[in-house]
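J.: Predicted coordinates and the sequence they were generated for:
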Amino acid sequence: MAKLGYPFTLGVASGEPLPDGVILWTRLAPDPLNPSKPGGMPTQTFTVSWQLAEDDAFTKIVQSGTAPAQPDWAHSVHVRVAGLRPATDYFYRFKLDSHTSAVGRTRTAPDPQSTAPVHFGFVSCQRYEHGFFTAYKHLAAERPDVIFHLGDYIYEYGKPAHPQPGRWVRPLESNAECTTLGAYRNRYARYKMDADLQAAHAAAPWLVIPDDHEVRDNYRGLLPGDGSSPAVFLKRRTAAYKAYYEHMPLRQRPTGHNLQIYRWRPYGKSVDFILADTRQYRDGHDMLGPDQEHWLLGRLKSSASRWKVLAQAVFFAPRKFPLEPPSTDAWDGYPESRARVLAAAPDGLVVLTGDVHNNWACELERGVEFVGTSVTSMPGTTDASAILALNPHIKFFDGHRGYVSCVVDTQEFRADYRVVDFVDRAGAPVRTVAGFRVADGHLQRTDV
Ligand SMILES: [Fe+2]
């Protein structure tokens, strides 16, 4: 058999941090965009070795082992590491034949009694064609404890017939819309070849949830969103969820068209992270579906941490618009679901949101919501001053690209909106456009 070319072209990642373990990820892809063979790999299983160390020179290796990279799963590798110490940095790398991957840094979650501050970033919406992932380079430099991705990691779209000016900054390798497993795989590969995205994955463990564009624009539950055949759509959803798992440091594989997304990650006495799935179980009147809602309300009620962070994809606060009706692709379309969440919400609820490609900050009936802007995806037109005037509970708007950086302890929740001034070329510096702390359920500016 011919020797493989360098197989770690898509970088490394870690995720799903627990006090004693993480998931390590890579995927073998010597020819990542090969149109017919995923990753350019032969259709056989390979055995990849991995090492986890206390230092990035790997002089103090604490664990090592091997893991299969199977053709059925696009030669992705998911290593479940256990037996680690809480709130500790570790470094990891993979080897195959004479090839060695980049080194990733990961970090376990704190133990349940910890009162130490937790530093995390959250991002969403990274349409590759729209620009450079410079925000990730800056987020990676912060080396947070954990990074949240709130959806639209890829966009399934093909190339528009007439791209708008400034919205075709980086070409895709395939100009066709993704509908098949092979196409979704190559779209992830295209994104994951980006150096800034690889740096952010190598800087910290991630906790990820998909939104709609990992599958199809505005899909909802079992329905494609455009009135086309649900049976055809279900095959597409199955392929899309499979490709998502193959490219993310997740703990659980999908089974058919089901992917277990909603989950809970405690980070000591400071914060409980509750990750919700606002797409897969949605129907005409219910955002979460009965099983997830029951679970979520129970988690909110039983959480003993100072902050209960609900990480989810779509706008939670009510919004009135000057001209249009309220958005139905947001919690405004599901007011009864939202009322039940708020009724269960204890003191210390903080909702994190993506989806809308702009920064917003809102006060809720109980708690607050931080809406983070896109990494690159361009926003639609927004009459922000009219929306702020019509919605006094919405306190802040900003229209840059970027990410949100948060530091949380048992007293305080602080969020800084970090932005770049351009994404149509590389190299933008980062700055904090606004900072907030949460005080008695209200938002206070910290930067003015
Ligand atoms: Fe988006």
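T.: Received it, and whenever you're ready, just let me know what you need.
J.: Is residue 97 in contact with residue 8, as I believe?
T.: No: at 11.3 Å, residue 97 and residue 8 do not qualify as touching, with contact defined as Cβ atoms under 8 Å. (Each C-beta comes from the backbone N, C-alpha and C, glycine too.)
J.: May I see the buried residues of the helix or strand harbouring residue 395?
T.: Per DSSP states H and E: residue 395 is located in strand 394-398. Residues of strand 394-398 classed as buried by neighbour count (16 or more other Cβ atoms under 10 Å): 394-397.
J.: tell me which of the residues you listed is nearest to residue 117?
T.: Using Cβ to Cβ, residue 396 comes nearest to residue 117 of the buried residues of strand 394-398, at 23.2 Å.
J.: which bits of the chain sit near the ion?
T.: Counting by Cβ under 5 Å from the ion, the chain comes close to the ion at 125, 152, 377.
J.: what would those look like in CSV with pLDDT, secondary structure and neighbour count?
T.: Listed next are those as CSV, based on pLDDT from 0 to 100; DSSP: H, G, I helix; E, B strand; the rest coil; neighbours: other Cβ atoms under 10 Å:
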residue, pLDDT, secondary structure, neighbour count
125, 98, coil, 28
152, 98, coil, 25
377, 98, coil, 24
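J.: would you turn these into a markdown table with distance to residue 39?
T.: A markdown table is the format used below for the residues of the chain next to the ion (distance: Cβ to Cβ, whole Å):
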| residue | distance to residue 39 |
| --- | --- |
| 125 | 26 |
| 152 | 23 |
| 377 | 26 |
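J.: Just give the number of residues close to residue 284.
T.: 10 (other Cβ atoms under 10 Å).
J.: Make sure residue 208 is actually in contact with residue 146.
T.: No: using Cβ under 8 Å, residue 208 is not in contact with residue 146; the gap is 10.8 Å.
J.: what touches both of these two?
T.: Contact criterion Cβ atoms under 8 Å, 6 or more residues apart in numbering; no residue bridges residue 208 and residue 146 by contacting each.
J.: thought residue 391 was touching residue 320?
T.: Yes: Residue 391 is within contact range of residue 320, at 5.7 Å (criterion: Cβ under 8 Å).
J.: Which element, helix or strand, includes residue 296?
T.: Going by DSSP H and E, residue 296 is part of helix 290-302.
J.: For that helix, name the packing helices and strands.
T.: On a contact count with 3 or more Cβ pairs under 8 Å, 6 or more residues apart in numbering; DSSP states H and E, helix 290-302 meets strand 271-275, strand 307-311, helix 335-344.
J.: Show me what it is in contact with.
T.: Identification of contacts with helix 290-302 by Cβ under 8 Å, 6+ apart yields 262, 264, 272, 274, 276-277, 281, 286-288, 308, 310, 337, 340-341, 344-346, 349.
J.: Is it possible to mark the buried ones in those?
T.: Among these, those scoring as buried are 262, 272, 274, 276-277, 281, 286-288, 308, 310, 337, 340-341, 344-345, 349 (criterion: 16+ other Cβ under 10 Å).
J.: The residue nearest to residue 413 when sequence neighbours are not counted: helix or strand, and which one exactly?
T.: Leaving aside its sequence neighbours, residue 413 sits nearest to residue 438 (Cβ to Cβ, 6 or more residues apart in numbering; 4.2 Å). Assessed by DSSP H and E, residue 438 sits inside strand 430-439.
J.: Could you please name the strands that strand pairs with and the direction of each pair?
T.: When pairing is defined by DSSP bridges, strand 430-439 lines up against strand 413-420 (antiparallel), strand 442-445 (antiparallel).
J.: What angle do strand 271-275 and the longest one make with each other?
T.: Here strand 413-420 points in a direction 60 degrees away from that of strand 271-275 (axes from the mean of the first three to the mean of the last three Cα atoms, to 10 degrees).
J.: Can you give the contact residues for strand 413-420?
T.: Residues contacting strand 413-420 (Cβ under 8 Å, 6+ apart): 134-135, 138-139, 307, 350, 359, 361, 370, 372-373, 396, 398, 400-408, 428-438, 446-447.
J.: what do you get for the shortest one?
T.: Residues external to strand 442-445 that are found in contact with it (Cβ under 8 Å, 6+ apart): 361, 363, 368, 395-396, 434-438.
J.: and which of the residues you listed is nearest residue 199?
T.: Set against residue 199, the nearest of these by Cβ to Cβ is residue 435 (24.2 Å).
J.: Count residues in the vicinity of that closest one, would you?
T.: What residue 435 shows, counting by other Cβ under 10 Å, is a neighbour count of 16.
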